[in-house]
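> only geometry, no sequence info:
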């Protein structure tokens with residue numbers, strides 16, 4: 001589940017590995033092919049300006065790849081609604 005969320009947020013080189021430590025038997029490694037991704041206070045982050053960075057849709061809360069505030073599905077729904085109003 002965590003790995004799926006990271007991939008949806010643009011961390012395309014993230015993976016899960018097993019470690020030899022008893023305290024931490026499984027580790028999640030954060031990675032991005034376009035920037036030096038890192039974890040700050042437990043939150044995975046991209047560098048500013050990274051093209052893989054995802055934003056949150058203002059309508060549904062889903063991921064959107066640009067700062068347009070709406071994901072593609074919400075834009076399509078908005079466009080269909082405007083067409084029906086005419």
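Yep, it's here. Quantities reported herein were computed from a predicted structural model and do not represent experimental measurements.

> Per-residue pLDDT of residue 1, please?
Note on residue 1: pLDDT of 57.

> How is this protein partitioned into domains?
1-51, 54-86 (automatic domain parsing).

> okay, the ones you listed in TSV with mean neighbour count next?
Every C-beta, even on glycine, is put in place using the N, C-alpha and C of the backbone. TSV is the format used below for the domains of the chain (neighbours: other C-beta atoms under 10 Å):
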stretch	mean neighbour count
domain 1-51	13
domain 54-86	13
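
> Check the ones you listed for me: which has the lowest mean pLDDT.
domain 54-86 (a mean of 74).

> Mind listing residues that contact stretch 67-83?
55, 57, 58, 59, 60, 62, 63, 64 (C-beta atoms under 8 Å, 6 or more residues apart in numbering).

> Quick one: distance of it to the chain centre.
Distance of stretch 67-83 from the chain centroid (C-alpha atoms, centre = their mean, to the nearest Å) equals 19 Å.

> now swap in stretch 3-17 and tell me
Per C-alpha atoms, centre = their mean, the centroid offset for stretch 3-17 relative to its chain is 8 Å.

> Look at it and report the distance between its end residues.
One end of stretch 3-17 to the other measures 11 Å (C-alpha to C-alpha, to the nearest Å).

> can you check stretch 50-69 too?
17 Å.

> Could you do stretch 35-43 as well?
End-to-end distance (C-alpha to C-alpha), stretch 35-43: 16 Å.

> how distant is stretch 54-73 from the center of its chain?
For stretch 54-73, the distance to the chain centre is 10 Å (C-alpha atoms, centre = their mean).
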